[in-house]
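Colleague: Starting from these lines, generate the structure:
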Amino acid sequence: MDKILRINMGSAKGPELKTEPLGAYAGLGGRAMTSTVVAKEVPPTCHALSAENKLVIAPGLLSGSAAAMSGRISVGCKSPLTGGIKEANSGGQPSQMLARLGYAAIILEGKPKDDTLYKVLINKDGVTISPANELKMLGNYDLVEKMKAQHGEKIGCISIGPAGEMKLSAASVAFTDMELRPTRHAGRGGVGAVMGAKGVKVIVIDDAGTQMRSPKDPDKFKAANKEFTAGLRKHPVTGQGLPAFGTNVLTNVINEAGGYPTRNFKEGQFEGAAKISGEAQAKLENERGGEGSATHGCHRGCVIRCSGTFYDKNGRFVTKQPEYETVWAHGGNCGIDDLDAIAQLDRMDDDFGLDTIEMGATIAVAMEAGLAKFGDAQAAIRLIKEIGQGTPLGRILGSGAAVTGKVFGIERVPVVKGQSMPAYDPRAVKGIGVTYATTTMGADHTAGYAVTANVLGVGGTVNPLKPQGQVELSRNLQVATTAIDSTGMCLFIAFAILDQPETFQALLDLINGFTGLSLTADDVSNLGKSILKLERDFNRAAGLTKIHDRLPNYFKTEPLTPHKVTFDVSDEELDQVFNF
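Modeller: Predicted structure coming up:
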């Protein structure tokens, strides 16, 4: 990856394309690339939907190579949801395709002078951009079908649905999977709204005629990749639990631990959890059959294969296998225990281009406000349809839980920096509570997945119900995660590298074999720390202070059943997280 594609959408003569060398951004990938560009080029106080903001799409450092698990992609900008810096991460095919075409980043900047919508086409011959107003307000599924008809079946697509066009703060950016379905999303923070503000509906990628990226030291790289893959396959989480039951294997685990947020974070256990668990989901998918039903990868080169494919009772494709956070958001958090209804909601979120976590949290807040009853799946479906239709109520809901709570006068809104909390109650899983409070990204479990030691016993054990040790746990995981997000690696490799020193060493050897560098564990840690510092400096300049590194107060005062615990990590301790 030796070049950056800049597209100035605000040029006087229409969108202007420029390909340039990496320059100061050489050696960066994924989150390291997106956050560095945003930190250096975006005014922190700008409006997130203004011409001054930029949308950065960056493959990981190892993307486009033969490295296992290296197909993740980062999308960065100033977030319209949090007001701070944002990196949203996705699987799918475009990361590897862009990397093989030689692009380390696409940077969308400026803003169109009118409401023309554009399509970008990238292939080995270069880049073209053309008006595409005929695509306006298309859902992601219909959009991709049109792109297939125009450009063939071997493309990849990066797109927004109606939510992105309406510039709603819960809008996602969709990435197509191996079957060319828009099922993988950079969901968090409203990145789709920024793409919509830039006037770009879809980026079509055709990597025909390109080759896989070659490592600097092929023998070292090949040996390390073999060792790394073996390590993933022998770990019980990445080699057994995730392939068999998907990420939704966590439903029964977290419910049993008493940290499963139920009915808008009122309780820590859901009586219907068994009906929507990973075990129940896999059983249903296996009974219904269909290609890739219970085990499937989100991109080529995935060896964990924690995804699947959900078909209805008549054998028709509905959506990819809903992930744990999605099943929780539209399931237990809304009091819904119907997998078919949850799959339908997931399909609608993907089609409209919405973050499933933000949507589940928002619908639960709406239920608390009396717009629907907890447990009413059909009402939840109707509310999501309102968003796709762009009704006044739909635009409120599509702006996320924080806005919805303000509009309807609800105090109990589970957000940090305006972004909804995912599927772990911070009172019963206190390490993840520290992450929610302090991450630069707003409430985000992937920023520092303390569930590892708090619940799963991976990388050690820290009592989830006690405040002791949670700050150090979250700090270390936030540093490590930032580095992983920069490689293009899937975050789930963390299970194996935390428990198996030889697998971590294989990862280092893999990176060094590919790049020709001699990075140590300390170098990787320092990369994570340096990116976090850039992100925190940006947020400070944008007006976010330590006061924003806090959970809503009711988590400190309302005991959570069944353990009757509150979040009792002190503010003073939270302020120590980034004391590297």
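
Colleague: and D125, how many neighbours does it have?
Modeller: 9 (other Cβ atoms under 10 Å). Heads up, the C-betas are built off the backbone N, CA and C, glycines and all.

Colleague: Backbone torsions only: list them for it.
Modeller: phi -90, psi -10 (degrees, to the nearest 10).

Colleague: Please report how far it lies from A197.
Modeller: 29 Å (Cβ to Cβ, to the nearest Å).

Colleague: now N140
Modeller: 18 Å.

Colleague: the more surrounded of those two?
Modeller: N140 (30 against 25).

Colleague: That one and M348 touch, don't they?
Modeller: No: assessed by Cβ atoms under 8 Å, N140 is found out of contact with M348, at 10.6 Å.

Colleague: So for the closest residue to L517 other than its chain neighbours, what's the pLDDT?
Modeller: Distance criterion Cβ to Cβ, 6 or more residues apart in numbering; nearest residue to L517, sequence neighbours excluded, is I511 at 7.1 Å. For I511, the pLDDT comes out at 95.

Colleague: and the host helix or strand of I511, what does it pack onto?
Modeller: Using DSSP states H and E, I511 sits in helix 501-515. Packing partners of helix 501-515 (3 or more Cβ pairs under 8 Å, 6 or more residues apart in numbering; DSSP states H and E): helix 218-234, helix 493-499, helix 521-541.

Colleague: so of these, which one's packed in deepest?
Modeller: Neighbour counts (mean count of other Cβ atoms under 10 Å) averaged over each of the helices and strands packed on helix 501-515 peak at helix 493-499, with a mean of 23.

Colleague: and it, what does it pack onto?
Modeller: Checking 3+ Cβ pairs under 8 Å, 6+ apart, helix 493-499 ends up next to helix 218-234, helix 470-487, helix 501-515.

Colleague: Which among those is found nearest to P21?
Modeller: When these are compared by Cβ to Cβ, helix 501-515 sits nearest P21, at 17.6 Å.

Colleague: how deep is the residue nearest to G83 when sequence neighbours are not counted tucked in, by neighbour count?
Modeller: Nearest non-adjacent residue to G83, counting by Cβ to Cβ, 6+ apart: A542, 5.9 Å away. By other Cβ under 10 Å, the residues close to A542 number 19.

Colleague: so A542 touches G84, yeah?
Modeller: Yes: counting by Cβ under 8 Å, A542 touches G84, with 5.4 Å between them.

Colleague: Between those two, which contacts overlap?
Modeller: K78 (Cβ atoms under 8 Å, 6 or more residues apart in numbering).

Colleague: Can you report how many residues neighbour T262?
Modeller: Using other Cβ under 10 Å: T262 sits among 25 other residues.

Colleague: Now for it: which residues touch it?
Modeller: T262 sits in contact with 268-270, 332-333, 335, where contact means Cβ under 8 Å, 6+ apart.

Colleague: again, but for V416
Modeller: Listed by Cβ under 8 Å, 6+ apart, the contact set of V416 reads 436-437, 442-443, 548-552.

Colleague: Which of these fall in strands?
Modeller: Counted as lying in strands by DSSP state E, out of the contacts of V416, is not a single one.

Colleague: Pipe these into CSV and attach neighbour count and distance to V577 per row.
Modeller: Formatted as CSV, the contacts of V416 follow (neighbours: other Cβ atoms under 10 Å; distance: Cβ to Cβ, whole Å):
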residue, neighbour count, distance to V577
Y436, 33, 11
A437, 24, 8
G442, 27, 15
A443, 29, 14
H548, 18, 13
D549, 22, 8
R550, 18, 12
L551, 22, 13
P552, 21, 18
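
Colleague: just checking, which of those belong to helices?
Modeller: Among the contacts of V416, the residues falling in helices (DSSP state H) are 436-437.

Colleague: any idea how far the residue nearest to L517 is from K220?
Modeller: Note on I511: its distance to K220, by Cβ to Cβ, is 10 Å.

Colleague: what's the answer for T128, then?
Modeller: T128 is 39 Å from K220, by Cβ to Cβ.

Colleague: For the stretch 351-500 of the chain, which segments count as helices?
Modeller: Assigned by DSSP state H, counting those that start in this stretch, the stretch 351-500 of the chain shows helices spanning 356-368, 377-389, 392-397, 401-407, 430-438, 451, 470-487, 493-499.

Colleague: Turn those helices into JSON lines, including distance to R288 and mean pLDDT.
Modeller: Below are the helices of the stretch 351-500 of the chain laid out as JSON lines (distance: least, Cβ to Cβ, whole Å; pLDDT from 0 to 100):
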{"stretch": "helix 356-368", "distance to R288": "22", "mean pLDDT": "98"}
{"stretch": "helix 377-389", "distance to R288": "19", "mean pLDDT": "98"}
{"stretch": "helix 392-397", "distance to R288": "31", "mean pLDDT": "98"}
{"stretch": "helix 401-407", "distance to R288": "33", "mean pLDDT": "98"}
{"stretch": "helix 430-438", "distance to R288": "33", "mean pLDDT": "98"}
{"stretch": "helix 451", "distance to R288": "30", "mean pLDDT": "96"}
{"stretch": "helix 470-487", "distance to R288": "34", "mean pLDDT": "96"}
{"stretch": "helix 493-499", "distance to R288": "29", "mean pLDDT": "91"}
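
Colleague: Output the ones you listed as TSV; include the columns distance to L168.
Modeller: Formatted as TSV, the helices of the stretch 351-500 of the chain follow (distance: least, Cβ to Cβ, whole Å):
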stretch	distance to L168
helix 356-368	10
helix 377-389	7
helix 392-397	6
helix 401-407	9
helix 430-438	23
helix 451	29
helix 470-487	25
helix 493-499	32
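
Colleague: Tell me which of those helices approaches S63 most closely.
Modeller: Per Cβ to Cβ, nearest to S63 of those: helix 470-487, 8.4 Å.

Colleague: still on that earlier bit, angle of the helix holding I511 against helix 521-541?
Modeller: Angle, helix 501-515 to helix 521-541, by axes from the mean of the first three to the mean of the last three Cα atoms, to 10 degrees: 80 degrees.

Colleague: what residues does helix 501-515 touch?
Modeller: 27, 61-62, 65, 67, 213, 215-225, 227-228, 231-232, 235, 487, 489, 493, 496-498, 517-521, 524.

Colleague: so which helix or strand takes in the residue nearest in space to the middle of the chain?
Modeller: Centroid check for the chain by Cα atoms, centre = their mean gives N89 as the closest residue, at 4.0 Å. Of the helices and strands defined by DSSP H and E, N89 is found in strand 85-90.

Colleague: domain ranges for the protein?
Modeller: 3-205, 246-423, 426-499+519-580 (automatic domain parsing).

Colleague: Export those domains as JSON lines, with columns for distance to Q505.
Modeller: Below are those laid out as JSON lines (distance: least, Cβ to Cβ, whole Å):
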{"stretch": "domain 3-205", "distance to Q505": "15"}
{"stretch": "domain 246-423", "distance to Q505": "18"}
{"stretch": "domain 426-499+519-580", "distance to Q505": "9"}
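
Colleague: ranges for the helices of the stretch 201-350 of the chain?
Modeller: 218-234, 236, 242-245, 250-256, 278-288, 324-330, 339-352.

Colleague: Please identify the deepest-packed of these.
Modeller: With a mean of 29, the top stretch among these by mean neighbour count (mean count of other Cβ under 10 Å) is helix 324-330.

Colleague: which secondary structure elements does that helix contact?
Modeller: Short answer (3+ Cβ pairs under 8 Å, 6+ apart): helix 324-330 packs on helix 250-256, helix 339-352, helix 356-368.

Colleague: pLDDT (mean, whole number) over it?
Modeller: Here the average pLDDT along helix 324-330 is 97.

Colleague: can you check stretch 304-319 too?
Modeller: Average pLDDT, stretch 304-319: 88.

Colleague: next one: stretch 344-351
Modeller: Computed over stretch 344-351, the mean pLDDT rounds to 98.
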